[in-house]
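[1] Got a sequence here, can you build the structure:
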Amino acid sequence: MAFSSSSSSSSSRYGVSSGGAYGGGSISTWDRCTTALLLPRARLITLWLAFNLALIVQEPMKKIASVDAATGGGSMLGDVNISAILDSFSVSYDKRVRPNYGGPPVEVGVTMYVLSISSLSEVKMDFTLDFYFRQFWTDPRLAYRKRPGVETLSVGSEFIKNIWVPDTFFVNEKQSYFHIATTSNEFIRVHHSGSITRSIRLTITASCPMNLQYFPMDRQLCHIEIESFGYTMRDIRYKWNEGPNSVGVSSEVSLPQFKVLGHRQRAMEISLTTGNYSRLACEIQFVRSMGYYLIQIYIPSGLIVIISWVSFWLNRNATPARVALGVTTVLTMTTLMSSTNAALPKISYVKSIDVYLGTCFVMVFASLLEYATVGYMAKRIQMRKQRFMAIQKIAEQKKQQLDGVQPPPNPNPSAGDHGHGHGHGHSHGHPHAPKQTVSNRPIGFTNIQQNVGSRGCSIVGPLFQEVRFKVHDPKAHSKGGTLENTVNGGRGGPPVGPPGPGPQGGG
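    Residues are numbered from 1 along each chain as shown. Got it, this is the predicted structure:
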């Protein structure tokens with residue numbers, strides 16, 4: 001009976017009645033099975049909780065380790081955590097908004113240091129220079145508490161992506177590129193007061209309009225203009241950060257054809273349709289070196305002119321030599337002028353070198369024209385000489401013909417020769433026969449003119465013209481007329497040459 005009561009109490013503790021299907025020794029077997037099932041579940045729950053707790057604790061430790069690895073152990077400067085300072089900048093910072101938005105404009109200071117000037121082209125009207133470009137502005141959102149040894153933070157170029165920077169551009173830029181060997185040539189410095197310094201190395205090809213009126217003795221003024229692309233003067237104002245010393249030029253800057261005379265800075269305000277913009281300008285003045293053009297153009301062209309003058313000392317009958325020399329110098333000057341202008345832009349105004357080369361060309365061409373003029377004048381003089389010799393020969397032939405004619409006797413001795421004091425026989429058988437008088441001295445071209453007036457004989461006219469002889473008729477003379485007999489061809493007409501000093505007719 002005791003057994004049954006005991007069994008009854010055990011059954012009631014485990015929730016099993018004594019009148020059930022289980023009875024007797026089945027109660028101890030159930031206890032063992034239940035215990036075997038509950039213990040593994042509790043252990044699994046405990047292990048799961050422990051694993052999650054380990055993950056929660058390990059995650060911050062991983063972040064700290066990654067920061068230390070990224071900074072190479074330099075995130076701590078004494079008791080100062082540099083990484084924490086940089087990370088604090090990203091808290092509630094919007095790089096899309098300028099500093100002091102809605103307030104006063106941001107003042108951006110600018111400095112430049114020119115390292116080299118590689119080219120200055122007259123044809124393209126541009127120049128290329130390599131320089132350091134630095135900008136300075138203040139962003140209060142990047143200010144931090146000053147700590148010993150941590151007044152300025154120097155960070156890499158990647159940090160620029162996390163902060164606001166001015167949208168500066170070069171107005172007259174034609175081409176530009178950044179230097180990235182061996183890394184990007186750029187850095188950022190953040191002062192504890194929030195002042196930002198950005199330095200970058202650039203190579204820019206900028207336009208440079210040139211005036212070549214005095215080429216090659218000219219001076220050119222090239223400039224670089226700096227301006228904000230999107231912000232007006234209400235948002236950004238540019239200034240030269242160090243005043244007159246904001247722009248520096250290296251003493252090693254040199255160009256083959258130019259020398260740098262100096263530079264200057266200017267600040268201005270530009271008014272456009274979208275608003276008023278602040279602009280800075282750096283102007284660099286160049287002067288051209290004359291050495292190249294003196295050797296290649298001025299001296300050779302002067303020697304060509306001197307060579308063309310050699311033809312003045314050559315015999316005018318040396319036609320091949322003088323013509324070859326004149327034509328060669330003219331063609332050489334033409335080639336020199338073409339090659340000089342080929343290296344320059346096609347401009348419409350006259351340059352200084354054009355005046356010089358044009359003068360040289362005129363002198364060379366004039367020497368060739370001089371030979372042509374001399375040849376023409378020599379030929380004309382030769383023709384005049386031949387004409388004179390021909391007229392003199394004809395005059396001598398006519399003299400010989402007249403010397404062979406005997407004068408007939410004059411039947412009327414009372415009708416003497418008018419104007420002649422020499423006594424000659426007169427034929428009485430022919431009262432009306434004309435009397436012919438001929439000079440016995442040699443007849444030249446001038447003498448022919450004189451004999452016309454004194455003897456009554458005229459041979460006047462140029463070569464291949466008719467020669468006239470005037471023969472006095474006593475009756476005709478008494479009537480005031482003359483009888484003209486034409487020797488060559490019997491053609492009439494007045495004498496070609498001027499009349500002689502003597503009387504042409506009677507009286």
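[2] Do a quick rundown of the helices in the stretch 301-450 of the chain.
    Along the stretch 301-450 of the chain, counting by DSSP state H, counting those that start in this stretch, helices occupy 319-342, 352-403, 445-455.
[3] Go through those and pick out the most buried.
    The highest mean neighbour count among the helices of the stretch 301-450 of the chain, using mean count of other CB atoms under 10 Å, belongs to helix 445-455: a mean of 17. In short, each C-beta sits where N, CA and C put it, glycine included.
[4] hey, least reliable of the helices of the stretch 301-450 of the chain by pLDDT?
    Looking at these, the lowest mean pLDDT belongs to helix 445-455 (a mean of 43).
[5] got any ranges where the protein has weak pLDDT?
    Under the criterion pLDDT under 70, the flagged ranges of the chain are 1-42, 52, 54-80, 405-507.
[6] Could you rerun that using 50?
    1-27, 60, 63-74, 414-507 (pLDDT under 50).
[7] Could you list the domains of it?
    92-288, 292-394 (the TED database).
[8] and those domains as JSON lines, adding distance to Leu402?
    Shown next, in JSON lines, are the domains of the chain (distance: least, CB to CB, whole Å):
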{"stretch": "domain 92-288", "distance to Leu402": "79"}
{"stretch": "domain 292-394", "distance to Leu402": "13"}
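[9] Which stretch among the ones you listed approaches Ala84 most closely?
    domain 92-288 (9.9 Å; CB to CB).
[10] Need the distance between the two termini of that closest one.
    56 Å (CA to CA, to the nearest Å).
[11] Determine the number of other residues adjacent to Thr182.
    6 (other CB atoms under 10 Å).
[12] and it, what element?
    Assigned by DSSP states H and E, Thr182 belongs to no helix or strand.
[13] Quick check: phi and psi on it?
    phi -90, psi -10 (degrees, to the nearest 10).
[14] same thing with Tyr177?
    Per degrees, to the nearest 10, the backbone of Tyr177 is at phi -160, psi 160.
[15] Also Leu49?
    phi -60, psi -40.
[16] I'd like the helices of the stretch 301-450 of the chain as CSV, with distance to Ile196 appended.
    Output for the helices of the stretch 301-450 of the chain, formatted as CSV (distance: least, CB to CB, whole Å):
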stretch, distance to Ile196
helix 319-342, 51
helix 352-403, 50
helix 445-455, 108
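[17] Of those, give the one that comes closest to His191.
    Comparing the helices of the stretch 301-450 of the chain under CB to CB, the one sitting nearest is helix 352-403, at 54.0 Å.
[18] since we're on Leu280, how many residues are nearby?
    Neighbour tally, Leu280, other CB under 10 Å: 23.
[19] Would you confirm that it contacts Ile226?
    Yes. Taking contacts as CB atoms under 8 Å, Leu280 lies within contact range of Ile226: 4.4 Å.
[20] Now for the two: what residues contact both?
    Residues touching both Leu280 and Ile226 (CB atoms under 8 Å, 6 or more residues apart in numbering): 110, 238.
[21] Trp48: which of the domains of the chain is closest?
    domain 92-288 (38.2 Å).
[22] For Phe170, give me its contacts.
    Contacts of Phe170 (CB under 8 Å, 6+ apart): 176, 204, 206, 224-226.
[23] Inside strands: which ones of the residues you listed?
    176, 204, 206, 224-226 (DSSP state E).
[24] Buried only: go through these for me.
    Among those, those classed as buried by 16 or more other CB atoms under 10 Å are 204, 206, 224-226.
[25] in the sheet, who's paired with Asp130?
    Taking DSSP bridges as the rule, Asp130 bridges to Ser116, Thr203.
[26] Contacts only, for it.
    Contacts for Asp130 (CB under 8 Å, 6+ apart) come out as 114-118, 201-203.
[27] Phe178 versus that one, what's the distance?
    12 Å (CB to CB, to the nearest Å).
[28] joint contacts of the two?
    What both Asp130 and Phe178 touch, as defined by CB under 8 Å, 6+ apart, is the set 201-202.
[29] The stretch 151-300 of the chain: strands as residue ranges?
    According to DSSP state E, counting those that start in this stretch, the stretch 151-300 of the chain carries its strands in the segments 152-155, 168-170, 173-178, 186-191, 195-207, 219-228, 236-240, 247-249, 258-272, 275-288.
[30] could I get those strands as JSON lines with distance to Gln400?
    Below are the strands of the stretch 151-300 of the chain laid out as JSON lines (distance: least, CB to CB, whole Å):
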{"stretch": "strand 152-155", "distance to Gln400": "124"}
{"stretch": "strand 168-170", "distance to Gln400": "103"}
{"stretch": "strand 173-178", "distance to Gln400": "95"}
{"stretch": "strand 186-191", "distance to Gln400": "115"}
{"stretch": "strand 195-207", "distance to Gln400": "93"}
{"stretch": "strand 219-228", "distance to Gln400": "85"}
{"stretch": "strand 236-240", "distance to Gln400": "109"}
{"stretch": "strand 247-249", "distance to Gln400": "99"}
{"stretch": "strand 258-272", "distance to Gln400": "87"}
{"stretch": "strand 275-288", "distance to Gln400": "82"}
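[31] which one of these lies closest to Tyr101?
    Using CB to CB, these put strand 236-240 closest to Tyr101, at 11.8 Å.
[32] tell me what the closest one is packed against?
    strand 106-121, strand 219-228, strand 258-272, strand 275-288 (3 or more CB pairs under 8 Å, 6 or more residues apart in numbering; DSSP states H and E).
[33] Go through the third one and flag the buried ones.
    So that's strand 258-272. Of all the residues in strand 258-272, those buried under the rule 16+ other CB under 10 Å are 258, 260, 263, 265.
[34] Repeat that for the second one.
    The neighbour-count check on strand 219-228 (16+ other CB under 10 Å) flags 220, 222-228 as buried.
[35] can you check the longest one too?
    The neighbour-count criterion (16+ other CB under 10 Å) identifies 106, 108-112, 114, 117, 120 as the buried residues of strand 106-121.
[36] Would you mind giving the contacts of Asp130 as CSV with distance to Ala84 added?
    Shown next, in CSV, are these (distance: CB to CB, whole Å):
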residue, distance to Ala84
Val114, 40
Leu115, 38
Ser116, 42
Ile117, 45
Ser118, 45
Arg201, 31
Leu202, 34
Thr203, 38
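[37] Let me know the closest of these to Thr152.
    Using CB to CB, these come closest to Thr152 at Arg201, 20.5 Å.
[38] That closest one: neighbour count?
    Look at Arg201: counted by other CB under 10 Å, it has 16 neighbours.
[39] Would you check that it makes contact with Tyr132?
    Yes. The criterion here is CB under 8 Å, and Arg201 meets it with Tyr132 at 5.7 Å.
[40] No further questions, thank you.
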